[in-house]
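Q: structure for this input, please:
(one chain, ligands or ions: 1)
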Amino acid sequence: MSAAWPRRPRLVAGNWKMNRTAPDGAALAREMVTLLAGGRPCEIAVFPPFTALESVGGVVRGTGVHLGAQDLHPEPHGAFTGSIAGPMLVAAGCRFVIIGHSERRHGLGEDDALVARKVAAAHRDGLTPIVCVGETLAEREADRAAEVLVRQVAAAFDGMTPAVACATVIAYEPVWAIGTGKVATVEQATEMHRVVRATLDRVVAPRIGAEVAILYGGSVNAGNAASLFASEDLDGALVGGASLEPAGFWRIVAAAGGAAAR
Ligand code: PGA
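A: Model prediction:
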């Protein structure tokens with residue numbers, strides 16, 4: 001089970017995807033840490049590629065910025081060529097792991113059952129999973145967005161205790177908004193976050209949905225972050241492209257922190 005985690009923390013998570021070598025990642029992390037020196041307005045985590053975890057971890061250690069990985073294998077060790085296990089991520093200094101990102105669900109064929117096994121593995125190994133859910137454009141246009149979210153959330157949280165559910169973070173990331181520059185409106189995101197919370201109430205335990213942190217992800221940038229964080233249903237953001245630019249990332253962090261302070 002993961003380490004203690006405050007109730008619905010404000011969290012801005014930077015998903016670097018397949019960008020930055022070990023030395024380049026360390027340089028990027030140094031720039032970010034320098035900007036954060038004046039204070040940390042909310043929880044912050046960075047997710048470099050596996051090969052940059054050690055170097056970036058060395059930079060962020062002791063700064064309050066958390067380290068996370070972009071995926072794990074459900075087994076803790078064994079003959080799984082090319083895969084990385086949870087205990088390896090913990091040993092590299094990770095606190096978080098992203099699971100079920102749409103680039104893995106849709107690009108690599110990961111299904112709900114595999115996502116659920118990875119979520120359980122993260123908790124077993126002491127990592128806080130950030131479970132990504134979200135509909136494609138075709139699903140939204142067919143009026144199936146809520147149905148898809150219900151299915152994905154129910155599969156990932158099936159059989160989970162309330163305590164473990166509260167130590168899990170969800171990222172609502174509509175696939176049509178990821179890397180496209182098309183951000184969901186605050187109304188669309190809020191509506192979908194409420195679908196997720198209602199599903200948790202049904203699948204885990206009554207009223208548990210209000211206890212779980214839900215991030216929004218998909219083309220979040222320095223220009224649109226403040227308007228998104230105006231919704232109390234958004235507990236932060238999972239940021240892709242804009243997390244590779246330290247000054248812009250800092251403005252997203254400041255917007256999340258400012259909203260939390262209200
Ligand atoms: P984006 O990516 O911010 O570049 O749209 C978000 C994500 O994939 O987590």
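
Q: how many residues are close by the residue of the chain found nearest the ligand?
A: At 2.2 Å from the ligand, G240 is the closest residue in the chain, using CB to the nearest ligand atom. Where you see a C-beta, it was placed from the backbone N, CA and C, and this is true even at glycine. Neighbour count for G240, taken as other CB atoms under 10 Å: 24.

Q: tell me, what's the model's pLDDT at it?
A: For G240, the pLDDT comes out at 97.

Q: list the contacts of the closest residue to it other than its chain neighbours.
A: With CB to CB, 6 or more residues apart in numbering as the criterion, G240 has its nearest non-adjacent residue at 5.1 Å, and that residue is N15. N15 sits next to 47, 70, 98, 101, 217, 238-240, 243 when contact means CB atoms under 8 Å, 6 or more residues apart in numbering.

Q: which one (most neighbours) among those residues?
A: Of all the contacts of N15, the most densely surrounded is V239 (30 neighbours; neighbours counted as other CB under 10 Å).

Q: got the buried residues for the biggest helix by length in the chain?
A: In the chain, assigned by DSSP state H, the helix with the most residues is helix 186-203. Applying a neighbour-count criterion of 16 or more other CB atoms under 10 Å, one finds 186, 188-190, 192-193, 195-197, 199-200, 203 buried in helix 186-203.

Q: got any ranges where the stretch 101-250 of the chain has weak pLDDT?
A: Within the stretch 101-250 of the chain, the set of residues satisfying pLDDT under 70 is empty.

Q: all the strands of it, in order from the start?
A: Using DSSP state E, counting those that start in this stretch, the strands of the stretch 101-250 of the chain run over residues 128-133, 169-172, 214-217, 236-239.

Q: can you list the strands that the last one pairs with?
A: Looking back up the chat, that one is strand 236-239. As defined by DSSP bridges, the strand partners of strand 236-239 come to strand 11-15 (parallel), strand 214-217 (parallel).

Q: ok, the first one next?
A: Looking at strand 128-133 with DSSP bridges, its partner strands are strand 96-99 (parallel), strand 169-172 (parallel).

Q: give me the distance from the last one to the chain's centre.
A: In this view, strand 169-172 has its centroid 6 Å away from the chain centroid, taken as CA atoms, centre = their mean, to the nearest Å.

Q: now swap in the first one and tell me
A: For strand 96-99, the distance from its own C-alpha centre to the chain's C-alpha centre is 6 Å (CA atoms, centre = their mean).

Q: wait, does it contact the ligand?
A: No - counting by CB under 6 Å from any ligand atom, the ligand has no neighbours in strand 96-99; the shortest distance is 7.7 Å.

Q: V90 contacts D125, doesn't it?
A: Yes - if you go by CB atoms under 8 Å, V90 and D125 touch, sitting 6.0 Å apart.

Q: who has more neighbours, these two?
A: Ranked by neighbour count (other CB under 10 Å), V90 and D125 place D125 first, with 20 against 16.

Q: from the strands of the stretch 101-250 of the chain, which stretch is densest packed?
A: strand 236-239 (a mean of 30; mean count of other CB atoms under 10 Å).

Q: start and end of stretch 234-250, how far apart?
A: Length of stretch 234-250, first residue to last, CA to CA, to the nearest Å: 18 Å.

Q: got the residues of the stretch 101-250 of the chain near the ligand?
A: Residues of the stretch 101-250 of the chain lying near the ligand (CB under 6 Å from any ligand atom): 173, 178-179, 217-220, 238-242.

Q: just the closest of those residues to C42, please.
A: Minimum distance to C42 across those is 12.5 Å, recorded for V239 (CB to CB).

Q: any idea how many residues pack against the residue nearest to V164 when sequence neighbours are not counted?
A: Excluding the flanking residues, the one nearest V164 by CB to CB, 6+ apart is H123, at 5.6 Å. Residues lying near H123 (other CB under 10 Å) number 18.

Q: then A121?
A: A121 has 21 neighbouring residues, counting by other CB under 10 Å.

Q: and the pLDDT for the residue lying closest to it once chain neighbours are set aside?
A: Closest residue to A121 apart from its sequence neighbours, by CB to CB, 6+ apart: P74 at 4.4 Å. What the model reports for P74 is a pLDDT of 98.
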